[in-house]
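A.B. asks: build me a structure from this.
(2 chains)
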2 protein chains.
Amino acid sequence: MRKPVVSPWLPMQDRARGRADKRDAVLRTAAKLFNEKGFHATSLDEVAEALHVTKPTLYYYAKNKDEILFGCVHAGLDLVRAGIAEAASSGGTALDKLQACMRAYADVVTQDFGMCVIRVGEDPLPEEGRRELRQLKAQIDLEFRRLIELGIAEGSLAPCNAKLAAFTLAGAISWIGRWYQPEGELTPQDIAEQCIAVLLNGIVRRAEPEASKPARKRKAAA
Amino acid sequence: MRKPVVSPWLPMQDRARGRADKRDAVLRTAAKLFNEKGFHATSLDEVAEALHVTKPTLYYYAKNKDEILFGCVHAGLDLVRAGIAEAASSGGTALDKLQACMRAYADVVTQDFGMCVIRVGEDPLPEEGRRELRQLKAQIDLEFRRLIELGIAEGSLAPCNAKLAAFTLAGAISWIGRWYQPEGELTPQDIAEQCIAVLLNGIVRRAEPEASKPARKRKAAA
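C.D. replies: Residues are numbered from 1 along each chain as shown, chains lettered A, B, ... in the order given. Okay, here's the model as predicted:
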């Protein structure tokens, strides 16, 4: 009987997975460096060095630095969109869903890819990539706006300009990605909860004075 | 009688003012371009061209592109600090002062230098300049925090983590500088008022159910 030949190559399926894992490691390492040092100040040599590979190896996973940034920002936006889709399809009121979306968004902006969306973003990219990523971002803004409109319609939120309220909410949460330091004293959860509490508190509809609840929007007869 | 010689040079005082005006024009033109195209994508040739001068002329006002960015961000932060100092020294409660500071900040981030603080910021600069600008920024954060703490102490604001509330307020307003388009449909004032209303609404202290007065100053409905 002849010995079976053991292939030195991995089965196709494992190879595809290995490649995806490696691409993810390239993007994630680059995102970390972009977030710390800035996009333009980061060289592909540094990305390669951090991964213990040579620069030519990187080109197997991305054609150039722009394509790496595109991949990082896209990955960040995909995480936000997945989180929002899950939150929006969960049960509960529009206010519950809005809160869940805000949590999902805050969660992502304190991680590498989400932070890269905020700190670097699509601005350094050529027109085509920039346009594609901006469309994804616009969808996220629209989803916040839609939930705010639903919240107003269901009566859980006070009437407001939903577009501006959406920008205010998303802006405050986005800013977390600008200043958050993983080695800081506050956990991402603490930060998210307190920031979201202030923001939701700012848009919820309050009970009328007659209802023996805290009054707002009406001045008691002096 | 001999004719007096008319000097072809301006008096020293006028020359100093002329130089300051020209430096301001260099910084402002650069800020506009940085905000539109990004810092790294903007060349000094473009700045010079927009000003109808040659690049060597720019070097009379700034040593290099880094120094121009430093000047732009510094100018933006100076505007914020001046606005906050004025707001903080005005009369009224801590809540009034906080609102005035938020308005001053929102006003600045929709203008060239303020937008440059938000869109470009100090990140591309060498360590020394970056540190100096970050200290100025930290003072602004501290002033917001101080007013929130005073507001809690005077009873106009609900107890909260003042540091995180300050980041939330400043973050949401900062974000305006990221998405604001001068040719858009909303005026900076409309945007600021609505954003600030949501944010203040999120942190004010509300009347207890027992109390007959609203926690926040509002105009009588009738």
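A.B. asks: for A:Arg206, helix, strand, or coil?
C.D. replies: Using DSSP: H, G, I helix; E, B strand; the rest coil, the secondary structure recorded for A:Arg206 is coil.
A.B. asks: tell me the pLDDT at it?
C.D. replies: Reading off the confidence values, A:Arg206 has pLDDT 84.
A.B. asks: swap in A:Arg17?
C.D. replies: The predicted structure lists A:Arg17 with a pLDDT of 75.
A.B. asks: and it, what element?
C.D. replies: Secondary structure assignment for A:Arg17, by DSSP states H and E: helix A:12-37.
A.B. asks: helices or strands up against that helix?
C.D. replies: Helix A:12-37 is packed against helix A:44-50, helix A:65-89, helix A:112-119, with contacts defined by 3 or more Cβ pairs under 8 Å, 6 or more residues apart in numbering or on different chains; DSSP states H and E. For glycine as for every other residue, the C-beta is placed from the backbone atoms N, C-alpha and C.
A.B. asks: mean pLDDT and mean neighbour count added to those, as a markdown table?
C.D. replies: As requested, the helices and strands packed on helix A:12-37 are exported to a markdown table (pLDDT from 0 to 100; neighbours: other Cβ atoms under 10 Å in any protein chain shown):
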| stretch | mean pLDDT | mean neighbour count |
| --- | --- | --- |
| helix A:44-50 | 96 | 16 |
| helix A:65-89 | 96 | 20 |
| helix A:112-119 | 96 | 24 |
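A.B. asks: just checking, what packs against the top helix by length along chain A?
C.D. replies: Of all segments of type helix in chain A, defined using DSSP state H, the longest is helix A:127-154. Helices and strands in packing contact with helix A:127-154 are listed as helix A:65-89, helix A:94-109, helix A:162-179; criterion 3+ Cβ pairs under 8 Å, 6+ apart.
A.B. asks: who wins for proximity to chain B among those?
C.D. replies: Between chain B and these, the shortest gap by Cβ to the nearest Cβ is with helix A:162-179, which sits at 2.7 Å.
A.B. asks: tilt between the helix or strand just after that closest one and helix B:162-179?
C.D. replies: Toward the C-terminus, helix A:162-179 is succeeded by helix A:188-203 as the next helix or strand (DSSP H and E). Note on geometry: by axes from the mean of the first three to the mean of the last three Cα atoms, to 10 degrees, helix A:188-203 and helix B:162-179 are set 70 degrees apart in direction.
A.B. asks: how about helix A:188-203: buried residues?
C.D. replies: If you call a residue buried by 16 or more other Cβ atoms under 10 Å in any protein chain shown, then helix A:188-203 has these buried ones: A:188, A:191-203.
A.B. asks: ok, and of those, which contact chain B?
C.D. replies: By Cβ under 8 Å from any Cβ of the partner chain, the members of the buried residues of helix A:188-203 lying near chain B are A:Ile191, A:Gln194, A:Cys195, A:Ala197, A:Val198, A:Leu199, A:Leu200, A:Asn201, A:Gly202, A:Ile203.
A.B. asks: now the lowest-mean-pLDDT helix or strand in chain A: buried residues?
C.D. replies: Of all regular secondary-structure elements in chain A, judged by mean pLDDT, DSSP states H and E, the least confident is helix A:12-37 with a mean of 89. By neighbour count on 16+ other Cβ under 10 Å, the buried set for helix A:12-37 is A:Lys22, A:Arg23, A:Val26, A:Leu27, A:Arg28, A:Thr29, A:Ala30, A:Ala31, A:Lys32, A:Leu33, A:Phe34, A:Asn35.
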